[in-house]
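Visitor: Sequence first, predicted model second:
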Amino acid sequence: MGSKRKRTGNEPAGNSQPSQKRTKKGSNAPAKAKAPKALDKSPFAEQLTVEERRREVSLYELLGSEDINDRINAADAIISGLLAGEGVPESVLLRHLEKRLLRGLASGRNASRLGFSLVLTEILGQLFGEKDLASLKYTELTFDKVLAILVDKTHTGGSVPGQEERNHFFGQLFGFECFVRSGILYSDKSRWFAVLDLLLKLAQKKSWLKSQCGFVIVEAISHLKRKHAEKTLEILGENGFAKTPEGVGIWITALDRFPDMAVPAQPWKHPLADSSLAALPPALKDSCNEASEQDGHKKQQKAGNWTARLHFVWDIILAHYVKVGKKDEEAASEQFKQFWNRVVDEGFFSKSSSDSQKFSGFMIFQKMLEGAADCTFIVATIFSKNFMACMMNQASVEDRYLHRAALKALKAIEAATERESSYLTTILKQLLGNHGAYNFDQRTSTKTVDKLLQQTTPATLKSVLKTLQPKDRSKTGLDDAKYYQALGNYLFRLASASSESEDSGSKKSVPGSAIQFLTELAYSNKSVPANIKEALRTKSTSAFAKLVRRPEDFGHLCNAILAIEADVDSEDEIAASMLPQAYERLKDLLDPAKENEATSGPRRALALLHSVGILQFYNQDPDVVDLFDELEECYKKLGEETREDGEGISEYLVEILLAMVARPSSLMRQVSQQVFEAFTGLMSAEALRLLIDPLSADESAKGQAALFSTEDEDMHDAEHSHDEEDESDGEELDSDVEIVDLEDAPSDDEKSLDDEGEEENKVTDKDQEALDALDDALANVLGSHRLDKDAEAESEPESDMSDSEMMVVDEKLAEIFKLRAKTTSKKKEKKDAKDTVLNFKHRVLDLLAIFVKKEAAASNPLAFDILLPLLQLIRTTTAKALSNKACDIILNFSKGLKKARSSHFAESVETEVDVDSLLELLGEIHDEASKDQSHAFARAASTASLAVASVLCGASDDGVKEVFGMYSVTQLKWYWGQVKIQPAFFSDWLNWCQSHASAAEKADKEDKMEEEKE
């Protein structure tokens, strides 16, 4: 039999908890909480009736509620019922004090102590305060009597359970605090000293009560007269209370209030004075045993147990230095520095300090950092030598005892900087210099400095950059290579920071300034080692890729390129002729006087291309000559007013952009998209055809050869270098090489799945045949056999081979494995070729998505030309991700077209729509819809067909007839079994017709209503 669970003190007896059963539907359960019923505030009766008893029980039940509003309302009703008007008789008040309030302080139920303390504080204030009701009306209720009742009702006699004893001790403590907060102890010194004596006795009973009693004394010190405060310190000193954390807090509070007060000669005049700092660490660490022997006093305080909760004395110490700092910051800075180094740094973070003391030290650090207010001197001082060493050591290794405490301190640093941006420079100086490490993040295996740099604002930018570049690099303790590598990392993080300026009207940009410094470091600074310079150039390229996404930083990017002053070979033809011309064109394109609203976008986009071209030149890209030639042609075409003869600018741009997206580079991808977005309005039919053609390429080595004419050595080298970087460099965020996850999944067509399955089976069979052939070849050379062919093998006597025979076997083995390696290499080449083609098609679709987003909503007729190639791509590709992306583009095209037709497009549709070409396109879409039975393809084909049909139906009545006729013909072919099309293709058409009919009926009704009104 299991025993019943014992009800804890926080659980009410009986069935007072509300039922958790669900109410039935239609029940009278209230939808909203009812407003609290007004409580009866009439005086309590002397003779208790059943109703009066119920009222008292109800009020005191509410007084212990966890809801603060309930407690306040109940307290108001009880105080009014006892003391309002002429007040209740003395016997009634005594009964409530003795039986309810003072006794209830020992209750552990819910929030009883809080509610009862609220009422008791007010009643004590009226009895012994200004109203002095105890002298006027309740003469038998003297101060001593009430205090004696408190002690009696919270006294633990005999052997009681630990929880009950704890409740009584806390009840007594709360009662003493009520006496203190009521303000009745300070007019008569005997009252305060009576309570003080009881507090000191209570503090001796349990070590965990000592800090609570000390806090109550601190509260009282703030209200005592000077002579009473002096006497209090004397009594505390006699009881050995001085050299404890509570004593330190009491002494500081008293001296802050009365700086000239007389204090006992022992143990100190002021705990924070220079002469007292040597004895302060043991006191703050509660090491009373060794400190009290030299006090000359008989009594000795118990040492409090260690707790993970920081003592209140540190709040008092912090408030003291903040107060002094507001008066004289220089003097406060020196005093706090002495205190921190001698007490905290040497006391809590020395090598001999225990783990618990270091843990407390981390909490002290967080306390000072969070409460420093505007006192920067506190923030600058707390990053002391021993603390920094301890924090870096503990944070660097996960299994160290204080690892989590160190990480919490680092999180506090980040939070403080985010809360107060003025701390940033001060904290960075401490982390990267003085007692920290320039490569702090690397030392601690964290990203603290990276996150701090993200908080840089235009106001703090100058000081941050100055901190990152110390005048004397040798003080960092790093050699040139490691120093510049760390500096490059920091500048890269700054370049990734938010470009929003907090200062209105500020022209500074954090990422813009950072990219200029990083570019200067990577290309112009001659003191940077060559191997590090290459890594910095990679980082700067990655930073450019991030900046390209933010149009507001366009000017900073171009300015960074213009600021490059790298040494170039004077005999280099490109450097001598093409590079200066590219710089001149870039400066001209950036000239605001030569641009207007129409040309602003294309000029900025072309300037961006020139910037990338110059960057490629300094990165020694072999294709930069062709790029400069094409950019020169684009520049000329942009300046021409007419483009009737020859190719336009869009054809040149498409060629350039296709060459850029073919590279596995994030920068090239971002730049190509930004430039293409600016030129979508200038796209010609020929340029769009050049962009669409790659979508029809085979996803194989043959398709790769067709796309790139021959095996593009540069692309192969880029991919090869990308693989090497993946193996050697773990910093993926800093790499510009783009990693594309190709989800090569087949289409939803069952035939495609079957074909691919058969192809995989063939590949598997070929692999197995190759392995069997390899086994046979090895068996012939070695004269052995596989273990599973023991039954087939003939047993022959073993013999040792001569050296010459061994040499022959080695040669044959080398030939066999060489042939095997060639087979494996060809298989990998085929896979790489397929991935290259798929990656290229993804990038082309990204550009087409931009074109649809910009031009479908702008009613550009050229946008219809992409529908059929996209459908063909969805049908033929084996990559599901590619198919899904093409489907999304068609859906976005339909949405953009609807948006355009709902605005200005419908009014000008007759002059803009080429009905014959759209009818031809609609027929081709219907033919294409019959070539694949997958649901995804049918949905895309239906969406494309309805988009074209909606434009034709809106163009003219003849267009409506042609569209209905074409759908009718297609449906008849489907009916006779001549074509196979998903039924959804026709159901979508019928739904479209129904919605159009409903809209027409609604419009007709509105027209009739207007006619009737007229």
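Guide: Looks like it came in fine.
Visitor: May I have the distance across stretch 79-92, first residue to last?
Guide: Stretch 79-92 stretches 12 Å from its first residue to its last (CA to CA, to the nearest Å).
Visitor: got a pLDDT number for the residue nearest the centre of the chain?
Guide: By CA atoms, centre = their mean, the chain has its centre lying nearest to K451, at 10.2 Å. According to the predicted model, the pLDDT of K451 comes to 93.
Visitor: Give the buried residues for the helix or strand hosting it.
Guide: Under the assignment given by DSSP states H and E, the secondary-structure element containing K451 is helix 448-453. Of the residues in helix 448-453, those buried under the neighbour-count criterion (16 or more other CB atoms under 10 Å) are 448-453. Just so you know, the C-beta spots here come from the backbone N, C-alpha and C atoms, and that holds for glycine as well.
Visitor: Now do it: which elements does it pack against?
Guide: Packed against helix 448-453 by the contact rule (3 or more CB pairs under 8 Å, 6 or more residues apart in numbering; DSSP states H and E) you find helix 403-419, helix 423-432, helix 440-444, helix 480-495.
Visitor: Out of those, flag the one nearest I649.
Guide: With respect to I649, and counting by CB to CB, the nearest of the helices and strands packed on helix 448-453 is helix 480-495 at 31.3 Å.
Visitor: Give me the buried positions along that closest one.
Guide: Of the residues in helix 480-495, those buried under the neighbour-count criterion (16+ other CB under 10 Å) are 483-495.
Visitor: what do you get for stretch 266-279?
Guide: Residues of stretch 266-279 classed as buried by neighbour count (16+ other CB under 10 Å): 267-268, 271-272, 276-277.
Visitor: Give me the neighbour count for the nearest residue to F349 once chain neighbours are set aside.
Guide: Setting aside the residues directly before and after it, F349 is nearest to N386 in space (CB to CB, 6 or more residues apart in numbering), at 3.8 Å. Applying other CB atoms under 10 Å, we find 20 residues neighbouring N386.
Visitor: residue contacts, N386?
Guide: 345-346, 349-350 (CB atoms under 8 Å, 6 or more residues apart in numbering).
Visitor: quick one: which of the residues you listed is nearest to S930?
Guide: Compare each of the contacts of N386 with S930 using CB to CB and the shortest gap goes to F349, at 79.0 Å.
Visitor: I'd like the next helix or strand past the helix or strand that T232 is a member of.
Guide: When secondary structure is defined using DSSP H and E, the element that contains T232 is helix 226-238. Proceeding N to C from helix 226-238, the next assigned helix or strand is helix 245-257, under DSSP H and E.
Visitor: How about residues contacting that following helix?
Guide: Where contact means CB under 8 Å, 6+ apart, the residues beyond helix 245-257 that reach it are 203, 210-211, 213-215, 217-218, 221-222, 229, 232-233, 236, 241-242, 261, 263, 268, 270-272, 280, 283-284, 286, 304, 311-313, 316-317, 320, 323.
Visitor: With stretch 138-150 instead?
Guide: Residues from elsewhere that reach stretch 138-150 (CB under 8 Å, 6+ apart): 87, 90, 93-94, 97-98, 102, 105, 124, 127-128, 134, 172, 175-176, 179, 184, 188, 191, 194-195, 198.
Visitor: circling back to that earlier point, check which helix or strand the residue nearest to F349 maps to.
Guide: Using DSSP H and E, N386 sits within helix 385-396.
Visitor: Keeping just the C-alphas, turn that helix into PDB.
Guide: Taking C-alpha atoms only, helix 385-396 is exported to PDB below (Å, rounded to 0.1, in the frame of the first residue of the first chain):
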ATOM      1  CA  LYS A 385      44.500  41.000 -14.700                       C
ATOM      2  CA  ASN A 386      43.500  38.000 -12.600                       C
ATOM      3  CA  PHE A 387      39.800  38.200 -13.700                       C
ATOM      4  CA  MET A 388      40.700  38.300 -17.400                       C
ATOM      5  CA  ALA A 389      43.100  35.300 -17.100                       C
ATOM      6  CA  CYS A 390      40.500  33.300 -15.200                       C
ATOM      7  CA  MET A 391      37.700  34.200 -17.600                       C
ATOM      8  CA  MET A 392      39.700  33.300 -20.700                       C
ATOM      9  CA  ASN A 393      40.900  30.100 -19.200                       C
ATOM     10  CA  GLN A 394      37.500  29.000 -18.100                       C
ATOM     11  CA  ALA A 395      35.700  30.000 -21.300                       C
ATOM     12  CA  SER A 396      38.200  28.300 -23.600                       C
END
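Visitor: Quick check: buried residues in it?
Guide: Along helix 385-396, these residues count as buried under the neighbour rule (16+ other CB under 10 Å): 386-388, 390-392, 394-395.
Visitor: thinking again about what came up before, which one of the buried residues of stretch 266-279 is nearest to D328?
Guide: Within the buried residues of stretch 266-279, proximity to D328 (CB to CB) peaks at L272, which comes in at 14.7 Å.
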